[in-house]
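K.L.:
Structure here, sequence nowhere to be found:
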Ligand code: C5P
């Protein structure tokens, strides 16, 4: 995420954040846990598709969220059952309530404006990224001076993918996904993401998946990532949830076929779907493929993106 602070008083500041989407380059299921979650080994990377968030602190004791859709995409907020809630079901509000309960005073309030661009129910981590942004913003805007361990603890209580977004870049995530180990990777890998109108529910996809007898080896994948050649990374992409998602939603198969017809070096579904991505040799090849995919599939949202480095904080 890109964080910008604008000082307001001695203790508080307005915080603006660009919260990125993620894709899963590698996702393996290692087991089913007694708590109902699945033990994972996943390699995620943040990409240049951003929600915009502005946090203004006040003393009203109220946390008020307004959601705007600046680029009227088809899949963003277009599906009623995946509409963006503005109450505590929204992870931004849930995160700020939890921060205030843990560290703050009940009078602490916040007005948040969310410019929603990352499609929901897409496997792109939009809600988790927004939640991580809220934790960072609440800490800075309310002057809580949290340690990175405290931020991490709150993030993992909010959702499995939330801690990853506190760091960004490329990381190996294990456990439920909440144990994050940053890995060095070359930023700027050219990719195209396509999101069909239909979405898939993460719990339903996980419920249907079967733990493999022989899991794919994440260490082999990490070696390939460390060498930084997009064509090699693209050939080793892996997502254990994809066959399940394909059996639940025909559109995922259609996405695979459509990417096959582009110049991509490799392609797969992200997370629990339904969004799908391809890796390209350079941004020109990605641009051509994005045009082709968009023209042939006018009902999809198509985004040309690059992989990002780790998070950055700047003062305005
Ligand atoms: O942690 P989060 O709320 O994002 O997870 C959403 C759902 O996805 C969980 O309720 C669970 O059904 C499923 N899940 C899982 N194993 C994981 C992560 C998520 O089964 N490691």
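P.N.:
Yep, that arrived. Small disclaimer: the values here were computed from a predicted structure and weren't measured.
K.L.:
mind checking how far residue 197 is from residue 253?
P.N.:
15 Å (C-beta to C-beta, to the nearest Å). (Glycine included, C-beta is placed from N, CA and C.)
K.L.:
So residue 39 sits against residue 160, correct?
P.N.:
No - the pair residue 39 / residue 160 is not scored as a contact, 11.0 Å apart, by C-beta atoms under 8 Å.
K.L.:
ok, which residues in the stretch 151-300 of the chain are in contact with the ligand?
P.N.:
With C-beta under 6 Å from any ligand atom as the criterion, the stretch 151-300 of the chain meets the ligand at residues 159-161, 176-177, 202-203, 206.
K.L.:
overlap in contacts of residue 39 and residue 160?
P.N.:
residue 176 (C-beta atoms under 8 Å, 6 or more residues apart in numbering).
K.L.:
neighbour count winner among those two?
P.N.:
residue 160 (21 against 16; other C-beta atoms under 10 Å).
K.L.:
Mind jotting down where the strands sit in the stretch 1-150 of the chain?
P.N.:
If DSSP state E, counting those that start in this stretch is used as the criterion, the strands of the stretch 1-150 of the chain fall at 2-7, 13-32, 38-58, 63-68, 109-115.
K.L.:
so which of those strands comes closest to the ligand?
P.N.:
The ligand sits nearest to strand 38-58 of all those, at 3.7 Å, using C-beta to the nearest ligand atom.
K.L.:
how much does that closest one deviate in direction from strand 13-32?
P.N.:
170 degrees (axes from the mean of the first three to the mean of the last three C-alpha atoms, to 10 degrees).
K.L.:
Can you give the distance from stretch 105-124 to the centre of its chain?
P.N.:
13 Å (C-alpha atoms, centre = their mean, to the nearest Å).
K.L.:
er, stretch 270-286 actually
P.N.:
14 Å.
K.L.:
Specify the beta-bridge partners of residue 191.
P.N.:
residue 279, residue 305 (DSSP bridges).
K.L.:
doesn't residue 308 make contact with it?
P.N.:
No - Residue 191 is beyond contact range of residue 308, at 11.0 Å (criterion: C-beta under 8 Å).
K.L.:
Report the contact partners of residue 186.
P.N.:
228, 307.
K.L.:
ok, now how distant is it from the ligand?
P.N.:
As for residue 186, its distance to the ligand is 27 Å (criterion: C-beta to the nearest ligand atom, to the nearest Å).
K.L.:
now residue 10
P.N.:
37 Å.
K.L.:
before we move on, the earlier item: possible to save the strands of the stretch 1-150 of the chain as JSON lines with distance to residue 312 and mean pLDDT?
P.N.:
Shown next, in JSON lines, are the strands of the stretch 1-150 of the chain (distance: least, C-beta to C-beta, whole Å; pLDDT from 0 to 100):
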{"stretch": "strand 2-7", "distance to residue 312": "6", "mean pLDDT": "92"}
{"stretch": "strand 13-32", "distance to residue 312": "10", "mean pLDDT": "97"}
{"stretch": "strand 38-58", "distance to residue 312": "11", "mean pLDDT": "97"}
{"stretch": "strand 63-68", "distance to residue 312": "24", "mean pLDDT": "93"}
{"stretch": "strand 109-115", "distance to residue 312": "19", "mean pLDDT": "96"}
